[in-house]
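1. My questions concern the predicted model and sequence given below.
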Amino acid sequence: VSLDEFLWAVSMVASRGITLPIPAKTVDATPAAAADSSTADAVAQEGDQLCLVPFADLLNHVTEGDENVKWEMWVDAPDGRPDELHVMARALIKAGQQAFATYGPLPNYKLISTFGFALPDNAKDAVDLDMAIDKWDRLRDHKAKWLERRKLGETAKFNIGKDLVVGEEMVYFLATMVAESVSEFCESGIMAAVQDGRVYRALIAACTARLAQYPDQPASDSDSDSALRAALRSVTESERWILTTLID
């Protein structure tokens, strides 16, 4: 398989794949496993899995709640039929009207990186903020153990949407970042870091660092692939708005 063929295959799976709830099945990984399902090569697979479903992948995306069709997985039919994917109407669809599904509540950066398009004024737009405990922090080991209590590591990625809600885990991580003594590793220490503004200042610093990663001037519409560039600009502008609004 050439590199071009591999990249084509990956892009097809990424852009056309549908995540479906697949029931537990025994998958024979080798010919030997077919003869003896008790071997280690017989693998039980269940849960959400990425599938290629011809024709179903022709459905275009709309914001969650606006779709007029939905995917339904029919499994373990009593008459022995194989598992089936059904496309079900959620509302009356007139002749000539386009059927839309939803790919989920996805921000534009995920839509464009996976499917190659973005929605104008996407209410689900969001930005990721990467954070980490300074490797030179004298309390690094203590902070790492404290974060383990919340199943967090020394590095973390947090998502903030247009609603500008800063989640509890993010506050917890920021307060841990700015802690100056072991005595602050408690709920009252978290609250103190919020009340005295240290958490907010750490958030501003993270937002400022993220803003610095964007180019100063977005590409113009006169450039090649203008539709894609316009979509990328839309993502950048939305993320900039979230970050600058948080800072302000």
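-> Perfect, thanks for sending it.
2. how many neighbours does R138 have?
-> 9 (other Cβ atoms under 10 Å). C-beta coordinates here come from the backbone N, C-alpha and C atoms, glycine included.
3. quick one: it is in a strand?
-> No - counting by DSSP: H, G, I helix; E, B strand; the rest coil, R138 is not found in a strand; it is coil.
4. Now do the same contact list for it.
-> By Cβ atoms under 8 Å, 6 or more residues apart in numbering, no residues touch R138.
5. K124 versus I247, what's the distance?
-> Distance from I247 to K124, counting by Cβ to Cβ, to the nearest Å: 22 Å.
6. Sorry, wrong one. I was asking about N60.
-> N60 sits 16 Å away from K124, going by Cβ to Cβ.
7. neighbour-wise, which of these two wins?
-> Ranked by neighbour count (other Cβ under 10 Å), N60 and K124 place K124 first, with 18 against 13.
8. Which secondary structure state is assigned to the nearest residue to Y109 once chain neighbours are set aside?
-> Nearest residue to Y109 in three dimensions, chain neighbours excluded: V235, at 4.9 Å (Cβ to Cβ, 6 or more residues apart in numbering). Following three-state DSSP, we place V235 in the helix state.
9. Wait, V235 touches L119, no?
-> No - contact criterion Cβ atoms under 8 Å: V235 and L119 do not qualify, at 10.3 Å.
10. Touching both of these two, which residues are there?
-> In contact with both V235 and L119: N108, using Cβ under 8 Å, 6+ apart.
11. lowest average confidence, helix or strand, in this structure?
-> helix 31-35 (a mean of 42; mean pLDDT, DSSP states H and E).
12. Name the nearest residue to L106, ignoring sequence neighbours.
-> L106 sits nearest to K124 (Cβ to Cβ, 6+ apart), 6.0 Å away.
13. before we move on, which element is the spatially most central residue of the chain in?
-> With distances taken as Cα atoms, centre = their mean, the residue of the chain nearest its centroid is K110 (6.6 Å). Element membership of K110, judged by DSSP states H and E, is helix 108-114.
14. from the chain's centre, how far out does that helix sit?
-> Put simply, helix 108-114 sits 9 Å off its chain's centre (Cα atoms, centre = their mean, to the nearest Å).
15. same question, stretch 94-111
-> Put simply, stretch 94-111 sits 17 Å off its chain's centre (Cα atoms, centre = their mean).
16. first vs last residue of that stretch, how far apart are they?
-> Start-to-end span of stretch 94-111 (Cα to Cα, to the nearest Å) is 28 Å.
17. Now tell me what touches it from outside.
-> 59-71, 87, 89, 93, 114-115, 117-119, 122, 124-128, 161, 231, 234-235, 238-239.
18. Distance-wise, check R210 relative to F115.
-> From R210 over to F115 (counting by Cβ to Cβ), the distance is 24 Å.
19. quick one: which of those two has more around it?
-> Set side by side, R210 and F115 show more neighbours around R210, with 19 against 15, by other Cβ under 10 Å.
20. now that one, what's its secondary structure?
-> helix.
21. check contacts around it.
-> Contacts of R210 (Cβ under 8 Å, 6+ apart): 127, 129-130, 239, 243.
22. Same check on G197?
-> With contacts taken as Cβ under 8 Å, 6+ apart, G197 has no neighbouring residues.
23. Please enumerate the strands of the chain.
-> 18-28, 42-51, 60-61, 69-74, 84-89, 100-101, 126-132, 155-161 (DSSP state E).
24. Could you dump these into a markdown table and include distance to A9 and mean pLDDT?
-> Shown next, in a markdown table, are the strands of the chain (distance: least, Cβ to Cβ, whole Å; pLDDT from 0 to 100):
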| stretch | distance to A9 | mean pLDDT |
| --- | --- | --- |
| strand 18-28 | 16 | 63 |
| strand 42-51 | 13 | 62 |
| strand 60-61 | 22 | 90 |
| strand 69-74 | 23 | 84 |
| strand 84-89 | 21 | 87 |
| strand 100-101 | 23 | 91 |
| strand 126-132 | 27 | 92 |
| strand 155-161 | 28 | 92 |
